[in-house]
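**Q** Predicted model, plus sequence, below.
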Amino acid sequence: MRTVDAAGLEIGDGHPPRIMGVLNVSEESPYSPSVFDDPGEAAAYVDEELVGEGADIVDVGLESANKRFEVLSAEEELTRLDTAVETVESVSGDAVFSIETRYHEVADAALSRGFDAVNDICGFADPEMPAVCADHDAAVVKMASPPDLERPGAVEDVDDIYEALAMNGFTEKTILDPAFGGWSEAKTLRDDREAFRRLREFRGYGRPLLVSINRKNFLREVAGRDTGEALPVSLAATSMAVERGAHVIRTHDVAETRDAALIGEEFARRRARHGGDVSVEELDVTTPGEAARHVDRLGGDPDVAAESVTRVFEFDGLSPDETGALRAAAAETDAIAVVGGGGDAALLVGTPGALGRASRAASGVSDALDGALATFPSPPE
């Protein structure tokens, strides 16, 4: 996993989860507590409510990305940049400042006037954006989007999100954002939940991940909460996101989100890592789908993914013939059968590929065993 240096802030595995607080200088932005048009008031908010509460990064928005509003042109965004720059110059706290924009002209101007990083909500739909960020040696968050400057985040299917993240390549300092939220009418809450379940897959490009899930509809619907009541579900999801490999959490609720992120980090699985001339890193892989992303990145055989993780299934109520069938199937394949002392219970251990082969080898002994074996995922998940 690549580590990104964002103006001295290290982002990646082995570093604390980073919190990105939000400031808007866009009058149409729907979250009014973070909206300012006066640089002094905006700077005070940053110092007290963002940096003061633990934000490592401050993301400044020049326009609302809400699909209900007309998209501003680059020229219109530039007219709002003065307020953003004055705010950055007036802040006394220490933070990395990111400009949220889809236009390379705006990114270039902001980086030239004191900003440290870019949050590209259209994911390099402007093909000149990568070069601008590279020329400034700036970190850039690349959100999954179609190749259209007016349709940020409007990708539904998880596999399409993954592919969209690669549009127009990466810079050396690219951070990836899978784009949670209602960016299009076609994108459903179920789509977002599926993307969240498969969050580790987005680590397949070997680059840090940012997630923006604060009070999002796909979480609120689970608990039946409105926006004002949705902080607890956001915090629960934050811990899960960090545990699943997210490195940056974008939020309006900085202090609470920081605490939730630290809990996620504390209880995340510890993985082996060694630097040096020859480095090694244990990847955060729990399913064949996650493994497939890394295999694909290296140009390997996709069939390897089915042999990449181990699963354990417990059987109970087995007859002697059924126990014997499992033993024999394990002996014929790479699976392992562990039979209990009474002989009516057993564990079957193996990769999804091995379990599939064992399932086929053990079938036909009884309808009951065949029904149990049918619960094995096929094809492997």
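**A** Noted; the coordinates are in hand. Residues are numbered from 1 along each chain as shown.
**Q** And the pLDDT at the residue nearest to Ser212 when sequence neighbours are not counted?
**A** Excluding the flanking residues, the one nearest Ser212 by CB to CB, 6 or more residues apart in numbering is Arg250, at 3.9 Å. Glycine gets a C-beta too; all of them are placed from N, C-alpha and C. Here, the pLDDT recorded for Arg250 equals 98.
**Q** cool, Ser32 as well?
**A** The predicted local confidence for Ser32 is 58.
**Q** Please identify the helix or strand for the residue nearest to Ser212.
**A** Element membership for Arg250 (DSSP states H and E) is strand 248-251.
**Q** now swap in Val71 and tell me
**A** Judged by DSSP H and E, Val71 forms part of no helix or strand.
**Q** for this protein, which helix is longest?
**A** The residue-count maximum for a helix in the chain (DSSP state H) belongs to helix 74-90.
**Q** tell me the mean pLDDT for that helix?
**A** For helix 74-90, the per-residue pLDDT averages 94.
**Q** For it, which outside residues touch it?
**A** Defining contact as CB atoms under 8 Å, 6 or more residues apart in numbering, one finds that helix 74-90 is touched by 23, 25-26, 36-40, 42-43, 46, 60, 62-63, 97, 99, 101, 103, 105-106, 109-110, 113-115.
**Q** mind exporting it as PDB, just the C-alpha atoms?
**A** What follows is helix 74-90, C-alpha atoms only, in PDB (Å, rounded to 0.1, in the frame of the first residue of the first chain):
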ATOM      1  CA  ALA A  74     -14.500  27.100 -13.700                       C
ATOM      2  CA  GLU A  75     -14.800  30.900 -14.000                       C
ATOM      3  CA  GLU A  76     -17.600  31.000 -11.500                       C
ATOM      4  CA  GLU A  77     -15.700  28.800  -9.000                       C
ATOM      5  CA  LEU A  78     -12.700  31.100  -9.400                       C
ATOM      6  CA  THR A  79     -14.700  34.100  -8.300                       C
ATOM      7  CA  ARG A  80     -15.300  32.400  -5.000                       C
ATOM      8  CA  LEU A  81     -11.700  31.400  -4.500                       C
ATOM      9  CA  ASP A  82     -10.700  34.700  -2.900                       C
ATOM     10  CA  THR A  83     -12.800  34.000   0.100                       C
ATOM     11  CA  ALA A  84     -11.300  30.500   0.500                       C
ATOM     12  CA  VAL A  85      -7.800  31.800   0.200                       C
ATOM     13  CA  GLU A  86      -8.400  34.600   2.700                       C
ATOM     14  CA  THR A  87      -9.800  32.000   5.100                       C
ATOM     15  CA  VAL A  88      -6.700  29.800   4.800                       C
ATOM     16  CA  GLU A  89      -4.400  32.800   5.400                       C
ATOM     17  CA  SER A  90      -6.400  33.700   8.500                       C
END
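**Q** Report the separation between Thr375 and Ala329.
**A** Distance of Thr375 to Ala329, computed by CB to CB, to the nearest Å: 15 Å.
**Q** same question, Pro302
**A** Distance, Pro302 to Ala329, by CB to CB: 25 Å.
**Q** Now do stretch 186-196: distance to the chain's middle.
**A** With CA atoms, centre = their mean, to the nearest Å as the basis, stretch 186-196 stands 13 Å off its chain's centre.
**Q** got the buried residues for the longest helix of the chain?
**A** Using 16 or more other CB atoms under 10 Å as the test for burial, helix 74-90 gives Ala74, Glu77, Leu78, Arg80, Leu81, Thr83, Ala84, Val85, Glu86, Thr87, Val88.
**Q** Next: stretch 109-128.
**A** The neighbour-count check on stretch 109-128 (16+ other CB under 10 Å) flags 109-111, 115-126 as buried.
**Q** what's the farthest-apart pair in the residues you listed?
**A** Asp116 and Ala125 (22.3 Å; CB to CB).
**Q** follow-up on the earlier one: export the buried residues of helix 74-90 to TSV and tack on distance to Thr333?
**A** Putting these into TSV (distance: CB to CB, whole Å) gives the following:
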residue	distance to Thr333
Ala74	60
Glu77	60
Leu78	63
Arg80	63
Leu81	63
Thr83	65
Ala84	61
Val85	64
Glu86	67
Thr87	63
Val88	61
